[in-house]
Structures are given as C-alpha cells and as structure tokens.
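K.L.:
Sequence plus the predicted model coming up.
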Amino acid sequence: MVDSAFSIEQNEEISARCAQEKSHLGQLTDKRKFLCNGCGVKLTCINWGKNPSNIKRCYFTPTDRNVLHYLDCPKIDSVERKSQIKKESDMATNLIQTGNEINMCVSKEKAISNIIDESINSSMMNVTRSKNTQINSPTKTSKKANLYSLASFVELYDNPKIQNESTIINASGEKMTLNELFKEANDLNNSSSKSIHIFYGTGKLEKMSKNNEILMIKSDDFPKTIFANLKLVERLNANLIKKYLGTGERVNVYFRGRYDMNDEHPYKPFHDGKVYMDVYFTNM
Ligand SMILES: [Zn+2]
C-alpha cells in the first residue's frame, strides 16, 4: 500500500486521494494506469469511481499480487517490507521442500521482487558444480525460484523447516548448499573469497564524523569496517538503524559478496558497487 503513485494518464505523481476523486469526476478513466514512483511496479488505485465522501482511506496496491514492490523501494513502509520478505521466503520454502533449487539473482534497477517460478529445461543449464557438493542428477525439468533479496536468504537460513546442508543455492553459476553459502565473518581474516558468500557476524552502527551520509559498520568479526551510504542502507534496515545507530550496541550483520584482503576496498558486494543492497541487519 502506498499513498502516491505516478499517473500514466496525467504524466505526474498524484496522491491516492486525488486519484480517487478524479476517478469519481471522470477525469481519470483507468484504475490500473499507475506506476510506483519508487520502483516502477504497476499499481491499482483502490475504491475507484466511488463517491469520495464515503471513502475513509485511499491507497495504491500492486496490480498483480505476485508482482510486488522491489524490497528496496523507498515508497513502502517497514510493515509491508516485512510481509514481502516473509512472502518471498515462504514461497522459496515451498519450492525447496518439493525438491527445487534457489537461484540467487541480481536485482535489476526496477525489478520485480517476486519469485519467478519457472520451468526450465535442465539440459540447457550451464551447471558448475563445486567438488565437495553432491548433487543429484537433474530431472528432466525442474522449477527454479529466483530470489533477489539478502533478507530473504537470511530468513531461509534461519528457517527451521529448511535443511541448510541439503538446500542448493545457485550463486553466480556456482552451486553450493545454504550451509556453504553462509560463512562466519571471522573466517575472512587472512583470506580472500573468490566465490559469492553471505558473511555474518556482529557489529556496531556509526555515522562517519566527517561525512554524516556515510554509515560505518564496525565489527570485531569483520576484518575491516564496512562503509555504506546511510540513506540507501536505510531502505532495507530503517528500524534497526533508528534503534541502534550510534548507541554502541551490537546487531547481527550480514554482508553478501566477495572479500579481497589485498584490495584497498576489500568488500566486493554481490550487486557491483551497491553495498546497500548487500548489507542487512537483524536484532541479536
Ligand atoms: Zn515501489
């Protein structure tokens, strides 16, 4: 639910209240001609054409209930974001429990955050297997769940219904189990990682004194401080940042990507150059 959207008919951002009133007056004709101004998802205006004096609340909701706002969308609130993370991981859980694999996908700028449940012909897949991972021969067709959000992977990893040692994740063409995907950040000391992993540990959240827009994630577990744009990281982590920034209290920190100890900028996020898409915090 969002309170404003881009009207395709009017070619400008418009509030839900205003759109609803214009629908009653016949100045707007199609309740589906709206896009989210944050992520571009198609939206529908609720209570279309009704008498405005009888309407208590106006809002826009995704037109297709399987095509939700992107999780980073600045327009959705934390309640909606939470329910989307849960929805994503519930769908992925169902697919895993019926023997399917999870694809870790890079999110496109204006991507849809749903899980694309597609049938693919396994023989056409370019499969790279890591030596230590036993993988059953692929059946003729298998379903794949495409999952973008780091938060959804953390939900899966913590989900007691999921067998982390047998759930297969396909990350950048490399297959590994959920257990292999998650690595303790203190393993990063004196090492570099060529494969994509989700590194986890605990850390404190601070603003940089010279530049208030920079968030510093300081940790004993991660070998070096992680720097990120505060505004952008807030999209996925608003509540925890509000609660813990500058307090000196620790949160669980997840970073997704590679680590190169020899580089001046050692953290290589999964989304190239976009650390904010690949750091996630939870309560300890
Ligand atoms: Zn949106």
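P.N.:
Now that the structure is in, tell me what you want to look at.
K.L.:
What about the residue of the stretch 151-284 of the chain found nearest the ion? Give its phi and psi, please.
P.N.:
Here the residue of the stretch 151-284 of the chain nearest the ion is Arg235; by C-beta to the ion that distance is 10.6 Å. Every C-beta, even on glycine, is put in place using the N, C-alpha and C of the backbone. Main-chain dihedrals, Arg235, degrees, to the nearest 10: phi -60, psi -40.
K.L.:
What distance do you get for it to Asn146?
P.N.:
Per C-beta to C-beta, to the nearest Å, Arg235 is found 20 Å from Asn146.
K.L.:
cool, Asn170 as well?
P.N.:
On the measure of C-beta to C-beta, Asn170 and Asn146 end up 10 Å apart.
K.L.:
Tell me the confidence at His1?
P.N.:
I think there's a mix-up here, since residue 1 is Met and not His. pLDDT recorded at Met1 is 84.
K.L.:
Roughly how far does it sit from Ile102?
P.N.:
Distance of Met1 to Ile102, computed by C-beta to C-beta: 28 Å.
K.L.:
okay, those two: which has more neighbours?
P.N.:
Between Met1 and Ile102, counted using other C-beta atoms under 10 Å, the more crowded position is Ile102 (24 against 17).
K.L.:
doesn't Ile169 make contact with that one?
P.N.:
Yes: applying C-beta atoms under 8 Å, one finds Ile102 in contact with Ile169, separated by 5.1 Å.
K.L.:
Hmm, Arg256 and Ala185 touching each other?
P.N.:
No: checked against C-beta under 8 Å, the pair Ala185 and Arg256 is beyond contact range at 11.7 Å.
K.L.:
Find the residues that touch each one of the two.
P.N.:
By C-beta atoms under 8 Å, 6 or more residues apart in numbering, Ala185 and Arg256 have these common neighbours: Phe199.
K.L.:
what about these two, which has more around it?
P.N.:
A side-by-side neighbour count of Ala185 and Arg256, using other C-beta under 10 Å, places Arg256 first with 26 against 23.
K.L.:
now the strands for the stretch 101-250 of the chain?
P.N.:
In the stretch 101-250 of the chain, the segments counted as strands under DSSP state E, counting those that start in this stretch are 101-104, 117-121, 141-147, 168-171, 174-177, 182-184, 193-207, 214-218, 226-229, 250-259.
K.L.:
and those, which one's lowest on average pLDDT?
P.N.:
strand 117-121 - the lowest mean pLDDT of the strands of the stretch 101-250 of the chain, at a mean of 37.
K.L.:
Give me the residues contacting stretch 72-81.
P.N.:
Taking C-beta under 8 Å, 6+ apart as the rule, stretch 72-81 contacts 1-2, 4, 36-39, 41, 69, 71, 84, 107, 232, 235-236, 238-239, 276-277.
K.L.:
Make a ChimeraX selection of the buried ones in the residues you listed.
P.N.:
Filtering the contacts of stretch 72-81 down to the buried ones (16 or more other C-beta atoms under 10 Å) takes a single ChimeraX command:
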select :1,2,4,36,37,38,39,41,69,71,84,107,232,235,236,276,277
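K.L.:
which residues do Asn170 and Asn146 both contact?
P.N.:
Common neighbours of Asn170 and Asn146 (C-beta under 8 Å, 6+ apart) are Asn103.
K.L.:
Can you check which helix is longest in the protein?
P.N.:
In the chain, assigned by DSSP state H, the helix with the most residues is helix 78-97.
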